[in-house]
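In: 3D, please:
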Amino acid sequence: MDGQFRQPTDVTWDPQGNIFFSDGYINSRVAKYDKNGDWVKQWGDRGTKPGEFNTPHSIASDARGNIYVADRGNRRIQVFDGDGSFLREIRIDVPIPPDAHPWMGNQPSPEGAAAQNGSPWAICITPGPTQYLYSADAFPGRVYKLSLDGKVLGVLGRSGRQPKQFGWIHQMACPSENEIYVAELLNWRAQKLLLHPAK
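Out: Residues are numbered from 1 along each chain as shown. As a prediction, this is how the structure comes out:
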């Protein structure tokens, strides 16, 4: 329903101050409001086609006003312009390490593991003249650094309870290229990570 939410998951703002919500668990859509909080439009529905969603779980905006939606259940990030026109999708296909294990429970079957690997639970985009997209999955519990066109530039972490390990990252902030904050559901904590990429 226009103007009503059913378990929204995240919010972002574009450079003009428009507000975008990922209305995730039931409505499976994006809702747009203007900078004054007035309803503008919505797009998306439950499904697998471009512009459709299965649990849009996080949302971010780049400096051009493009909207990135973590389409968790479809294992992709969909990118739209500020009016909701589909631009492209990003899929993260980094091999699962042989020693990967879930935070809890049995090891997923190969099919179940493949369906989770790279599935975006949380995303954020850095500021600056060169922006980067960070995304996190639940299994194998990694954070991915990507260019805005979807190229994987780096990977860190695994499921676990120790520092630099993760238990279902549900939110991220990335105030600079090499500084990120991750909020974990299962570990009941937030970690600040200072990255030291290879030169």
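In: and the residue nearest to Arg161 when sequence neighbours are not counted, what does it touch?
Out: Leaving out its chain neighbours, the residue that sits closest to Arg161 by C-beta to C-beta, 6 or more residues apart in numbering is Asn187, at 5.9 Å. From N, CA and C alone the C-beta is placed, and that goes for glycine too. Asn187 is in contact with 161, 166-167, counting by C-beta atoms under 8 Å, 6 or more residues apart in numbering.
In: I'd guessed Phe159 sits against Val143; true?
Out: Careful, residue 159 is Ser; it's not Phe. No. Taking contacts as C-beta atoms under 8 Å, Ser159 lies outside contact range of Val143: 11.8 Å.
In: what about the two, which has more around it?
Out: Comparing Ser159 with Val143 by other C-beta atoms under 10 Å, the one with more neighbours is Val143, at 23 against 20.
In: Now that one: phi and psi?
Out: Per-residue torsions, Val143: phi -110, psi 130 (degrees, to the nearest 10).
In: Could you check the pLDDT of it?
Out: Predicted confidence (pLDDT) for Val143: 98.
In: and if you look at Pro110?
Out: For Pro110, pLDDT reads 86.
In: What residues sit buried inside the worst-scoring helix or strand of the chain on mean pLDDT?
Out: Least confident helix or strand, the chain: helix 110-116 with a mean of 88, by mean pLDDT, DSSP states H and E. If you call a residue buried by 16 or more other C-beta atoms under 10 Å, then helix 110-116 has these buried ones: Gln116.
In: Output the below-cut-off pLDDT ranges for the chain.
Out: 1-3, 199 (pLDDT under 70).
In: do that again at 80, thanks
Out: For the chain, the stretches flagged by pLDDT under 80 are 1-4, 197-199.
In: max-length strand in it?
Out: strand 169-176 (DSSP state E).
In: so what strands line up beside it?
Out: Strand 169-176 has the following sheet partners, assigned by DSSP bridges: strand 179-184 (antiparallel).
In: Following the chain past the partner strand, name the next helix or strand.
Out: strand 189-194 (DSSP states H and E).
In: what's the spacing between the closest residue to Ser147 other than its chain neighbours and Ser109?
Out: Distances taken as C-beta to C-beta, 6+ apart place Leu153 nearest to Ser147, at 6.1 Å, with adjacent residues excluded. Distance, Leu153 to Ser109, using C-beta to C-beta, to the nearest Å: 30 Å.
In: Please consider this matter closed, and thank you.
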